[in-house]
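Trainee: okay, structure incoming, though there's no sequence with it:
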C-alpha cells in the first residue's frame, strides 16, 4: 500500500507528534511535531523537518545548529496518530547541548540531572 | 529539587504526551497521554497509569489485558512538555497484540508491516 500522509490522524492544529530515536542505539532523542507537509519534506529530503509550533514555520533540524537528523525510517503507530522516526543524529539533539532532551529524571521524589551537555 | 507534577507543561486539555520505552532494550513501545493526577498515581504505584482521552478516565495499563507496565524511571524533557517512561512491559504493549505500536514503516513510498502479533 502506497503511503499517503493525509491518512494519518492529526490534532485540531493539523499536527502529529513525532518521536526521534537514534537508529543504532535506540536512544530516544526528542519529541516534536509535524504536519503533513513536513512529513512529505522529510521523506523527500531524507532529513527530518518538523513543524515549529512556536515560530509557525518549518523547522529543518540542524539548519542553524548543524545538528542534522538524517532519516533512516519513518514509522507510525496502530492509531496512526504518532510517528517514530529512526534517525542518525549529528551532535546534540537537544538545544541545551545534550545528546537527548530527556536529561531529567525523578528519583526518590527528587529531580535529578542524568546527562550533561556534550 | 523535589518533583512537583504541576511544574510540567500541559496542553489546553491538561495533558502531556508520555513515551513508553522498554528499559532494558530501548524499544519504543507506545505513546499515550497523562495528566498531573495520573503522573502522581504512576509514581505512587510504580505502575504506569495514563489518561484515556477517548474514555475520559484513568487508564491503568494492563488492568484488563494483563499487559502491565512496571515503572523503572520517569524522565522529562528540556521544555518539560513531554515524558519518557522507562518501563518493564509485560506481554504486548499494543492493543493489536504486537510488542510495540510502531509496526508500520514507510519503505520506498509504501507502507510495510514490520512486526506481527506475539
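Mentor: Noted; the coordinates are in hand. Treat the numbers as computed from the prediction; the structure is a model and nothing was measured.
Trainee: once you drop chain neighbours, what's closest to whichever residue of chain A sits closest to chain B?
Mentor: Closest residue of chain A to chain B, CB to the nearest CB: residue A:26 (2.7 Å). C-beta: built from backbone N, CA, C; applies to glycine. Among residues not flanking residue A:26 along the chain, residue B:26 sits closest, at 2.7 Å (CB to CB, 6 or more residues apart in numbering or on different chains).
Trainee: and residue A:10, what's its pLDDT?
Mentor: On the pLDDT scale, residue A:10 is placed at 98.
Trainee: how about it: what's its closest non-neighbour residue?
Mentor: Closest to residue A:10 by CB to CB, 6+ apart is residue A:16, at 5.2 Å.
Trainee: then residue A:29?
Mentor: residue A:93 (3.8 Å).
Trainee: coming back round to it: ok so the residue nearest to residue A:26 is a strand residue?
Mentor: No. Counting by DSSP: H, G, I helix; E, B strand; the rest coil, residue B:26 is not part of a strand but coil.
Trainee: touching, the residue of chain A closest to chain B and residue B:25? I think so.
Mentor: Yes. With contact defined as CB atoms under 8 Å, residue A:26 reaches residue B:25; the gap is 6.8 Å.
Trainee: more neighbours: which of these two?
Mentor: Neighbour count, other CB atoms under 10 Å in any protein chain shown: between residue A:26 and residue B:25, residue A:26 has more, with 14 against 11.
Trainee: shouldn't residue A:44 be within a strand?
Mentor: No. Counting by three-state DSSP, residue A:44 falls outside a strand, being helix.
Trainee: check contacts around it.
Mentor: Counting by CB atoms under 8 Å, 6 or more residues apart in numbering or on different chains, residue A:44 makes contact with nothing.
Trainee: centroid residue for chain A?
Mentor: residue A:20 (3.8 Å; CA atoms, centre = their mean).
Trainee: wasn't that one part of a strand?
Mentor: Yes. Membership of residue A:20 in a strand is supported by three-state DSSP.
Trainee: and the gap between it and residue A:104?
Mentor: 18 Å (CB to CB, to the nearest Å).
Trainee: over to residue A:16?
Mentor: 25 Å.
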